[in-house]
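Colleague: model the structure of this input:
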Amino acid sequence: MYKKVIYLLVVLLAAAGSISAQGDVKKNMNPVTTRWFVSGGVNGSAALNGSAVNELNAKIAGGLWFNKIIGARVTVNAGNNWLKGGYNAFTMGAGVDLLANLMKHYADEDSRFRLSGVVGIHFGYYSFPDDFPNQKHVGTVAGNFGLQAAWKLTEKLEFYVEPGVKLMPKYWETDGEDDPFTAGTLTLGVTYNF
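Modeller: Below you'll find the predicted structure:
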């Protein structure tokens, strides 16, 4: 009889441990875990199609991870644009990006590294000097695509590197060229997660 009671207690303790572990797994697998964040950094771009246009901006963003896979952010930036011939322009803009966690199935959320795909649309404004009388103020729309690699520094703070590509119609006078402006971009910054 005592052996049966001991066996029963061992089985019950093992079952309780198993149920508790399954509860922890289900809690970690919860797909609806929203998380707000803000970020700031430096963004640079260089033309890839030989038009010799370079840009350097300060960039801030705020966003939300809707779950462990999909997020969105709103960005604003301001900086300087350098054109061929020694001209420059003040630039500022805003955009909306969709984020996709590419590491969801390969690393848990406690991982120190995260890789995300980024796709979005950006609205830009350029204020040119008087040398460009027909283009003193120009508005643009661009599509952007990239990857964001982020490393956790602390529980709330991350450092990120985001290389990408920006595509848009040219916004300055050219000699009848109608090819799109294509630029390689790179953003370095930090993210604070709430």
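Colleague: which residues of this protein score low on pLDDT?
Modeller: Scanning the chain for pLDDT under 70 picks out 1-32, 51-52, 105-109, 131-135, 170-179.
Colleague: one more pass at 50, please.
Modeller: Per-residue confidence for the chain (pLDDT under 50) gives these ranges: 18-27.
Colleague: show me what counts as buried in the helix or strand containing Val119.
Modeller: Element membership of Val119 [criterion: DSSP states H and E] is strand 113-127. Within strand 113-127, the residues scored as buried using 16 or more other C-beta atoms under 10 Å are Arg114, Ser116, Val118, Gly120, His122, Gly124, Tyr125, Tyr126. The C-beta positions use only the backbone N, C-alpha and C, and glycine is treated the same way.
Colleague: name the element the closest residue in space to the fourth one that isn't next to it in sequence belongs to?
Modeller: Closest residue to Gly120 in three dimensions, ignoring its sequence neighbours and counting by C-beta to C-beta, 6 or more residues apart in numbering: Asp97, at 3.3 Å. Here Asp97 is covered by strand 87-101, with elements defined by DSSP H and E.
Colleague: could you pull out the helices for the protein?
Modeller: 2-28 (DSSP state H).
Colleague: could you list the domains of it?
Modeller: 1-30, 33-193 (automatic domain parsing).
Colleague: please identify the most buried of the ones you listed.
Modeller: Of the domains of the chain, the one with the most neighbours on average (mean count of other C-beta atoms under 10 Å) is domain 33-193, at a mean of 15.
Colleague: okay, how far is it across that domain, tip to tip?
Modeller: One end of domain 33-193 to the other measures 13 Å (C-alpha to C-alpha, to the nearest Å).
Colleague: from the chain's centre, how far out does that domain sit?
Modeller: 8 Å (C-alpha atoms, centre = their mean, to the nearest Å).
Colleague: ok so, going back, find the pair from the buried residues of strand 113-127 with maximum spatial separation.
Modeller: Largest separation among those by C-beta to C-beta: Arg114 and Tyr126, giving 33.3 Å.
Colleague: which residues does stretch 115-122 contact?
Modeller: 71, 75, 93-103, 141-150, 162, 164, 166 (C-beta atoms under 8 Å, 6 or more residues apart in numbering).
Colleague: one more time with 6 Å
Modeller: 93, 95-103, 142-146, 148-149 (C-beta atoms under 6 Å, 6 or more residues apart in numbering).
Colleague: cool, stretch 75-84 as well?
Modeller: With C-beta under 6 Å, 6+ apart as the criterion, stretch 75-84 contacts 52-61, 88-89, 91-95.
Colleague: again, 7 Å this time
Modeller: 43, 51-61, 88-95, 97, 126, 172 (C-beta atoms under 7 Å, 6 or more residues apart in numbering).
Colleague: swap in stretch 92-107?
Modeller: Under C-beta under 7 Å, 6+ apart, the answer for stretch 92-107 is 68-78, 111, 113-125.
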